[in-house]
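Student: With the input below, show me the fold.
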Amino acid sequence: MDARAGTVDRPRLDDLLARERERFAELHPRSAQAYAAGCRNLFGGVPMTWMNKAAGAFPLYLDAARGARVRDVDGLQYVDFALGDTGATAGHSPEPVVAAVRRRIEQQGGLTAMMPTENAASR
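Tutor: Numbers count the residues shown, from 1 in each chain. Predicted coordinates for the structure are as follows:
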């Protein structure tokens, strides 16, 4: 039996992590730029501090989202397994939701009134 079985090679792990972080930075230069810009104006460089808990040295910045897929500002696409908060309900920007929001904004207004609406409980 290998005498090293069950031990953790910390120097190797450190090397692998450094290589992965370097590769992450190479693949996401625009996210790195956006993060640097955010650090000039926002505490932690992001709108909410939990967004700063990224495996790399900076978080990915969103460009677009549709259904269960997101694209970062570097043009890379991902399947969004988290579907954070409102996206978990129906995916990102499904057409019926887009139409309802558009109708609310264009025809009825009051998007940020912080008051309940009659249709909130009807569906």
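
Student: Could you identify the longest helix within the protein?
Tutor: The single longest helix within the chain, with elements called by DSSP state H, is helix 10-27.

Student: quick one: low-confidence ranges for this structure?
Tutor: Residues of the chain meeting the criterion pLDDT under 70: 1-4, 83-88, 113-123.

Student: and if we set it to 90?
Tutor: 1-7, 41-57, 65-70, 79-98, 100-101, 103-123 (pLDDT under 90).

Student: where along it do the strands fall?
Tutor: For the chain, applying DSSP state E gives strands covering 62-66, 69-72, 77-79.

Student: which one of those has the most crowded surroundings?
Tutor: Most buried of those by mean neighbour count (mean count of other CB atoms under 10 Å) is strand 69-72; its value is a mean of 17. All C-beta atoms are positioned from the backbone trio N, CA, C, and that covers glycine.
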